[in-house]
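A.B. asks: based on what follows, work out the 3D shape:
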Amino acid sequence: MQDAGLPTAIILELLRGVVAETSLMLERAGRAEKEAAVKEAVEGVREAAKDQGDKDK
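C.D. replies: This is a model prediction of the structure:
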């Protein structure tokens with residue numbers, strides 16, 4: 001394998017950093033999306049329970 005040189009090594013290191021940050025960002029976004037879906041589902045269950053309680057009165 002041929003030595004790529006310092007400029008190429010710097011570019012590769014920068015790209016590794018970009019990939020790492022992008023991965024973290026996507027992981028956090030996925031977690032936030034999942035949390036929002038769970039909160040929405042809980043709200044739906046609460047409203048359904050409230051509606052059922054109102055119906056039973």
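
A.B. asks: now do the helices in this protein.
C.D. replies: 6-56 (DSSP state H).

A.B. asks: any regions of it where pLDDT drops low?
C.D. replies: 1-2, 56-57 (pLDDT under 70).

A.B. asks: 90 - rerun?
C.D. replies: 1-6, 50-57 (pLDDT under 90).

A.B. asks: what about residue 48, how many residues nearby?
C.D. replies: Using other C-beta atoms under 10 Å, residue 48 is surrounded by 10 other residues. Any C-beta I mention is one placed from the backbone N, CA and C, and that applies to glycine too.

A.B. asks: in contact with residue 39, which residues?
C.D. replies: Residues in contact with residue 39 (C-beta atoms under 8 Å, 6 or more residues apart in numbering): none are found.

A.B. asks: roughly how far does it sit from residue 53?
C.D. replies: 21 Å (C-beta to C-beta, to the nearest Å).

A.B. asks: just how off-centre is stretch 38-53 within its chain?
C.D. replies: 24 Å (C-alpha atoms, centre = their mean, to the nearest Å).

A.B. asks: can I get the CA coordinates of that stretch in CSV?
C.D. replies: The C-alpha coordinates for stretch 38-53 follow below in CSV (Å, rounded to 0.1, in the frame of the first residue of the first chain):
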residue,chain,number,x,y,z
VAL,A,38,-44.4,6.5,23.3
LYS,A,39,-45.7,9.8,24.8
GLU,A,40,-48.3,9.9,22.0
ALA,A,41,-49.4,6.4,22.7
VAL,A,42,-49.7,7.1,26.5
GLU,A,43,-51.8,10.2,25.8
GLY,A,44,-54.1,8.1,23.6
VAL,A,45,-54.5,5.5,26.3
ARG,A,46,-55.2,8.2,28.9
GLU,A,47,-57.8,9.8,26.7
ALA,A,48,-59.5,6.4,25.9
ALA,A,49,-59.6,5.6,29.7
LYS,A,50,-61.0,9.1,30.4
ASP,A,51,-63.7,8.6,27.7
GLN,A,52,-64.5,5.2,29.1
GLY,A,53,-64.8,6.6,32.6
